[in-house]
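Q: Give me the fold of what follows.
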Amino acid sequence: MDQVLKHLDRSLSNERKFGIPASICNEVDLAVRVARKWQGMRADEDRSRLVVEILERLLRYPDGWFDDYHQTHYRATQMLTAFLRGFLDSIDEDELGSLFEKLRDLAGRDEYDIGIYDMLEAVAERKGIDLDPDDFLTG
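A: Numbers count the residues shown, from 1 in each chain. Presented below is the predicted three-dimensional model:
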């Protein structure tokens, strides 16, 4: 996982330097394809951690509001949501609770509304929690 995150960091920092927002979707797609191949007892925990790490990076790179940024980051988050839904049922309760707390924090920091709340909803549904979207309104 560390190699995937290093690659993502390099790509995102270069992306900001050269101003190519579409590469974010490509990088997230690559990270997801690699993570789907992970096996072992901790694979789902690592996948869960990867989702959070990618979201933190997406929130870290918003220089300003413009459509390309919002749409590209939103598409990347939707890819992550679909990925998360694919292994959500196999996450144990402790990891699920930890993931919920991390996503709740990230959704609260998502001032550009790049779709983190959708992911939080999926985890809350799995945990049997009813969310109030008004708790996450920003701006």
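
Q: Can you tell me which helices and strands the helix or strand containing C25 packs against?
A: Using DSSP states H and E, C25 falls within helix 23-36. Packing contacts for helix 23-36, counted by 3 or more C-beta pairs under 8 Å, 6 or more residues apart in numbering; DSSP states H and E, involve helix 2-18, helix 43-60, helix 67-87. C-beta: built from backbone N, CA, C; applies to glycine.

Q: Pull the distance from it to the chain's centre.
A: Relative to the centre of its chain, helix 23-36 is centred 11 Å away, using C-alpha atoms, centre = their mean, to the nearest Å.

Q: buried set for it?
A: 24-25, 27-28, 31-32, 35 (16 or more other C-beta atoms under 10 Å).

Q: Output it as CSV - backbone C-alpha positions only.
A: C-alpha atoms of helix 23-36 as CSV (Å, rounded to 0.1, in the frame of the first residue of the first chain):
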residue,chain,number,x,y,z
SER,A,23,-5.2,12.6,-14.2
ILE,A,24,-6.7,12.3,-10.7
CYS,A,25,-9.3,9.9,-12.0
ASN,A,26,-6.6,7.9,-13.8
GLU,A,27,-4.5,7.7,-10.6
VAL,A,28,-7.5,6.7,-8.4
ASP,A,29,-8.5,4.1,-11.0
LEU,A,30,-5.0,2.6,-11.0
ALA,A,31,-4.9,2.6,-7.1
VAL,A,32,-8.3,0.8,-7.0
ARG,A,33,-7.2,-1.8,-9.6
VAL,A,34,-4.1,-2.6,-7.6
ALA,A,35,-6.0,-2.7,-4.3
ARG,A,36,-8.5,-5.2,-5.7
